[in-house]
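> missing the sequence, but the structure's below:
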């Protein structure tokens with residue numbers, strides 16, 4: 001379940017939970033307006049089940065959805081109990097004091113990190129595969145930072161819209177990378193930071209009617225990745241990583257499967273980018289082949305490192321991967337990706353990584369090349385081939401020197 005302004009969503013108009021052709025929030029699945037799951041200590045699971053099933057695009061896995069909600073509820077309850085126990089053992093005043101100190105510590109560390117960069121203006125612009133710009137201007141002044149996204153794309157007609165929460169999550173993640181110390185993550189990191197976020201792709205308006213709200217599922221997975229690289233580009237600290245989650249979904253009336261696919265990391269000063277890993281906002285691990293083949297009508301024919309896909313430089317970008325699936329029954333396939341038109345950028349003279357690529361090889365040999373975002377019907381015996389982007393390189397090759 002993903003929070004979206006006044007609504008949450010599950011399911012969608014395609015067999016996966018991430019429809020690539022959605023143009024409004026309703027089409028992305030079950031929308032949930034504010035609802036008491038627990039009221040006066042009593043759980044209303046029947047009401048939640050009714051919401052999930054009695055709508056235009058109902059879920060096909062209601063028991064799994066309810067189990068996920070119950071797990072989230074248990075996790076929150078466990079956290080609440082732990083906090084109550086902490087206060088019981090040490091007192092409210094002591095606990096509050098240390099919470100404030102943690103926040104203050106994060107703020108102080110963040111200011112010191114920003115002071116390591118020369119005061120001045122920093123900027124970067126990146127473009128989605130359809131040409132939509134992501135633009136950021138950063139002004140640093142004695143440990144204070146103003147981040148301005150003016151000039152970024154207006155509201156996207158498809159599903160590549162983010163939200164203020166997503167943008168702030170990306171910002172705090174990037175700041176945490178710059179800090180590079182093992183401190184507890186908290187919003188004290190944002191105290192020295194001002195954010196200007198105009199209405200548009202990164203901050204669309206939401207109506208109470210889901211049909212009038214922009215589609216956002218691509219913003220959550222793809223814009224978060226591309227925006228991370230855009231901010232890192234402005235600070236000039238590391239080359240671009242693959243810049244996409246390579247979201248792959250397939251299913252039919254009986255099942256749905258979704259995975260994100262790893263790729264190459266960008267290189268930086270003194271290190272090569274890692275190959276074939278999930279990174280930045282892809283906080284997932286891919287399904288083991290044995291489990292995938294046991295549970296779903298698919299055969300994994302190849303899962304290998306895509307050699308020489310990372311950008312060259314004084315330090316090389318990491319390599320992406322190649323993944324080939326053969327389908328053992330008819331399904332509908334959705335792909336939601338980016339970095340298919342241009343490779344992840346290198347910096348300081350490093351080369352860009354290779355862009356990604358995906359295609360269908362029909363059982364009879366016909367090849368169908370797929371766009372960055374596409375939905376297609378697959379027949380038994382068809383194969384899906386995806387090659388993920390490599391990371392950008394760092395530094396010029398000619399800067400290399402050898403000692404004899």
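Looks like it came in fine. If you're wondering where the values come from, they're calculated on a predicted model, not measured in any experiment.

> going forward, measure contacts and count neighbours with C-alpha atoms only.
OK.

> give me the number of residues near the closest residue to residue 151 other than its chain neighbours?
Sequence neighbours aside, residue 135 is the residue nearest to residue 151 in space, at 5.7 Å (criterion: C-alpha to C-alpha, 6 or more residues apart in numbering). Residue 135 has 20 neighbouring residues, counting by other C-alpha atoms under 10 Å.

> same thing with residue 100?
Using other C-alpha under 10 Å, residue 100 has 13 other residues around it.

> Residue 153 and residue 56: what is the separation?
Distance, residue 153 to residue 56, using C-alpha to C-alpha, to the nearest Å: 30 Å.

> These two: who's more crowded?
Higher neighbour count among residue 153 and residue 56: residue 153, with 20 against 14, using other C-alpha under 10 Å.

> Could you pull out the helices in this structure for me?
45-53, 62-90, 92-114, 164-179, 217-218, 224-235, 289-295 (DSSP state H).

> Comparing those helices, which comes out most buried?
Highest mean neighbour count of the helices of the chain: helix 217-218, a mean of 25 (counted as mean count of other C-alpha atoms under 10 Å).

> Now do it: everything it contacts.
The contact list for helix 217-218 (C-alpha atoms under 8 Å, 6 or more residues apart in numbering) reads 18, 19, 20, 28, 159, 160, 161, 162, 336.

> mean confidence score for that helix?
When pLDDT is averaged along helix 217-218, the result is 91.

> Most neighbours of all the contacts of helix 217-218, which one?
Counting neighbours by other C-alpha under 10 Å, residue 28 leads the contacts of helix 217-218 with 29 neighbours.

> quick revisit: please identify which of the contacts of helix 217-218 is nearest to residue 114.
Ranked by distance to residue 114 (C-alpha to C-alpha), those are led by residue 162 at 26.1 Å.

> can I assume the closest one is in contact with residue 219?
Yes - contact status for residue 162 versus residue 219: in contact at 4.1 Å, counting by C-alpha atoms under 8 Å.

> I figured residue 297 hits residue 331, correct?
No - checked against C-alpha under 8 Å, the pair residue 297 and residue 331 is beyond contact range at 9.2 Å.

> and the residue minimising distance to the centre of the chain, what does it touch?
With distances taken as C-alpha atoms, centre = their mean, residue 221 lies nearest the centre of the chain, 3.3 Å away. Residues near residue 221 by C-alpha under 8 Å, 6+ apart: 244, 245, 281, 282.

> State the distance from it to residue 53.
Residue 221 sits 25 Å away from residue 53, going by C-alpha to C-alpha.

> same check, this time on residue 299
For residue 299 relative to residue 53 (C-alpha to C-alpha), the value is 32 Å.

> Next: residue 125.
42 Å.

> re the thing from before, how close does the residue nearest to residue 151 get to residue 209?
Using C-alpha to C-alpha, residue 135 is found at 30 Å from residue 209.
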